[in-house]
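**Q** Predicted model follows, preceded by the sequence.
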Amino acid sequence: EHDDLRGAVRPLRLTCFVSRENGHVSVSSDSAAPVVSVAYQPNWDREAQLPAPEFSAGSGRFSGYQLFPATAPTGAQPKPPPSPQDRNFALHGVLAGAWRADEPDRQRRRVLLHSQAEQPLRLDVALCTPRDGHADTVAHARAEAMRLAAVPVERLRRQSAAQWADFWSRSAVEFADRSM
């Protein structure tokens, strides 16, 4: 339910799901939503001594990338050289409609996008790691987010529900002894 604080109250349905198969997160509304901004702020822990996360934003989109070096930094080698065992993740988000991005705030480590009008909310985020079988995780996350953003959300939701149902149906355990 949405109350505009001027006496108008109307139902509003938000739907969110996570795909089991492709690293996709979907958030959408069934009508114009009172969402005025979306922020992406990668977690960063200075004590972990990881490289700083990379992030960017543009009109209706944002991206993030984090490198996880296999070799820990030391006093003698504060920035270890790249290794084939290094890992990372990349994500890319796409917002449907009219969204304006601020310049990335490097001090706060965040990007902020502002809605240009009251509009239905549709956010598609794709997450990719090297374990997904793609060497260029940044390009794959971007391509997947763009591809998924073009598919009707209800079709994606049905596919995701079927994937989860199949997973859980194979995960069930039954015992012959009912007292167990």
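**A** Arrived safely.

**Q** only C-alpha atoms for contact and neighbour calcs from this point on.
**A** Will do.

**Q** mind listing the strands for this structure?
**A** Remark: strands assigned in the chain by DSSP state E are 2-3, 9-10, 14-18, 24-33, 37-40, 54-58, 61-68, 87-95, 99-101, 111-115, 119-128.

**Q** got the end-to-end distance for stretch 45-56?
**A** 19 Å (C-alpha to C-alpha, to the nearest Å).

**Q** Mind listing what's buried along that stretch?
**A** 50, 53, 55-56 (16 or more other C-alpha atoms under 10 Å).

**Q** For the longest helix anywhere in the chain, buried residues please.
**A** In the chain, with assignment by DSSP state H, the single longest helix is helix 153-171. Across helix 153-171, burial judged by 16+ other C-alpha under 10 Å covers 153, 156-157, 160-161, 164.

**Q** tell me the average confidence for it?
**A** Average pLDDT, helix 153-171: 88.

**Q** That helix packs against which elements?
**A** Here helix 153-171 touches strand 14-18, going by 3 or more C-alpha pairs under 8 Å, 6 or more residues apart in numbering; DSSP states H and E.

**Q** How about residues contacting the strand it packs on?
**A** 24-30, 157, 160 (C-alpha atoms under 8 Å, 6 or more residues apart in numbering).

**Q** 10 Å - rerun?
**A** The contact list for strand 14-18 (C-alpha atoms under 10 Å, 6 or more residues apart in numbering) reads 1, 24-31, 33, 120-126, 153-154, 156-157, 160-161, 164.

**Q** partners of the helix or strand bottoming out on mean pLDDT in the chain in the sheet?
**A** Using mean pLDDT, DSSP states H and E, the weakest-scoring helix or strand in the chain turns out to be strand 2-3, at a mean of 73. Sheet pairing of strand 2-3 (DSSP bridges) gives strand 9-10 (antiparallel).
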